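[1] need the 3D shape of this:
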Amino acid sequence: MKRICVIHYLSLFLLALCSHVLSAAQSDTAVMRISYDAKFKTCVERPEMQDEMELLIGNKWSKFYSSANIRQQHVLDSVVQVTGGQLQQALAASTRMRGSGTLGQKYMVMKNYPADGKLTYTLNLHGFALKSEENMPAFDWQLADGDSIIAEFHCNKARTKFRGQTWTVWYAPDIAVSDGPWKLCGLPGLIMKAETDNGCFSFVCTAVRKGRGESITMGKTKYKSVEPKELQKITEMEITDPVGLMTRLTGLAPSVSKGRTKQRKVTPVLIEDNDCE
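    Residues are numbered from 1 along each chain as shown. Coordinates of the predicted model:
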């Protein structure tokens, strides 16, 4: 009997050890934390919005995300909890956030994840958690004349074209990290500022700090894997065709019959073959 108990506890110990090792293998720890002020326009007709974003850099991976989105999501969750899930109250809170001029973007970029040379892009939209995996971009950087001081660091200038956008960036050679906001990377120094020529996107570093042991991980969210272009199409449809977006996500489309609206199942629309992202 005693031997059975010993074997039982040993099995539990080994199971816990394996679980710990697996968990450790799926996370990294931040050694640097970089804050950015972001500005973006969802479309020409809408006003410019602001965001507060963070880049966590670890020994293996990096993670770029909106801290404003996390804060706003906590507010929405509280509204839902207090009102018992009343949709109108949640929509009103969401409208107030957009009216404030600060809108947390709902994407996250993990570089060198799940393996070196890979990039994972996630999007949480209307309760749907989606992710795509692609190769790390191979940017054709052209070093340019000009320098600047950003967040107290001397920066050099570079330019590149990537998926329909022309980017101008300033990077800090004294910060020997080949990383930056969004998918940008590949320069001999941390990208401190980046902006597109058409003025639709910009990121400006406001602080470079030592990491506080933040965990760099995908978290416990269960994501549905989709192709990168499919994820981009979904992002575009949130602005241009919200009804079509819900059809695309759920596979259900509204139909009108005898004055009443019903739902019918449809096959999700195939994505357009474009190279914008």
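
[2] low-confidence ranges, the chain, go.
    1-25, 42-46, 72-102, 253-277 (pLDDT under 70).

[3] that one: helices as residue ranges?
    Along the chain, the segments classed as helices by DSSP state H run 2-25, 67-83, 87-99, 228-240, 242-250.

[4] and the top strand by length along the chain, what other elements does it pack with?
    Determined from DSSP state E, the single longest strand within the chain is strand 28-40. Strand 28-40 sits against strand 49-58, strand 201-210, strand 215-216, with contacts defined as 3 or more CB pairs under 8 Å, 6 or more residues apart in numbering; DSSP states H and E. Just so you know, the C-beta spots here come from the backbone N, C-alpha and C atoms, and that holds for glycine as well.

[5] restrict it to CA atoms and write it as CSV.
    What follows is strand 28-40 as a C-alpha-only set of coordinates in CSV (Å, rounded to 0.1, in the frame of the first residue of the first chain):
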residue,chain,number,x,y,z
ASP,A,28,9.4,34.5,-22.4
THR,A,29,10.3,37.3,-20.0
ALA,A,30,10.6,40.9,-21.0
VAL,A,31,14.1,42.4,-20.6
MET,A,32,13.0,45.7,-22.3
ARG,A,33,9.8,47.6,-22.4
ILE,A,34,9.3,50.3,-25.0
SER,A,35,6.3,52.7,-25.1
TYR,A,36,4.9,54.3,-28.2
ASP,A,37,2.3,56.9,-29.0
ALA,A,38,0.5,55.7,-32.1
LYS,A,39,-1.7,57.6,-34.5
PHE,A,40,-3.8,56.0,-37.3
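
[6] who touches it?
    The contact list for strand 28-40, computed with CB atoms under 8 Å, 6 or more residues apart in numbering, reads 48-61, 63, 66-67, 105, 177, 181, 190, 200-217.

[7] do the same with stretch 149-159
    Residues outside stretch 149-159 that contact it (CB under 8 Å, 6+ apart): 141-148, 166-175, 187, 189, 192-193, 204-208.

[8] buried ones in it?
    Buried residues in stretch 149-159, counted by 16 or more other CB atoms under 10 Å: 150-151, 153, 155-158.

[9] and which of those residues is nearest residue 131?
    The closest of those to residue 131 turns out to be residue 158 (CB to CB; 29.2 Å).

[10] distance of the nearest residue to that closest one once chain neighbours are set aside from residue 164?
    Counting by CB to CB, 6 or more residues apart in numbering, residue 141 is the residue found nearest to residue 158 once chain neighbours are left out, at 4.8 Å. With distances taken as CB to CB, to the nearest Å, residue 141 is found 17 Å from residue 164.

[11] what's the answer for residue 139, then?
    14 Å.

[12] same check on residue 35?
    From residue 35 to residue 164 the distance is 28 Å (CB to CB).

[13] higher neighbour count, the two?
    Taking other CB atoms under 10 Å, residue 35 and residue 164 do not tie; residue 35 has more neighbours (16 against 11).

[14] could I get the full set of strands for the stretch 151-277 of the chain?
    With DSSP state E, counting those that start in this stretch as the criterion, the stretch 151-277 of the chain has strands at 153-162, 165-172, 190-196, 201-210, 215-216, 224-225, 252-257, 260-265.

[15] pick the most deeply packed of those strands.
    Mean neighbours per residue, mean count of other CB atoms under 10 Å, is largest over the strands of the stretch 151-277 of the chain for strand 190-196, with a mean of 23.
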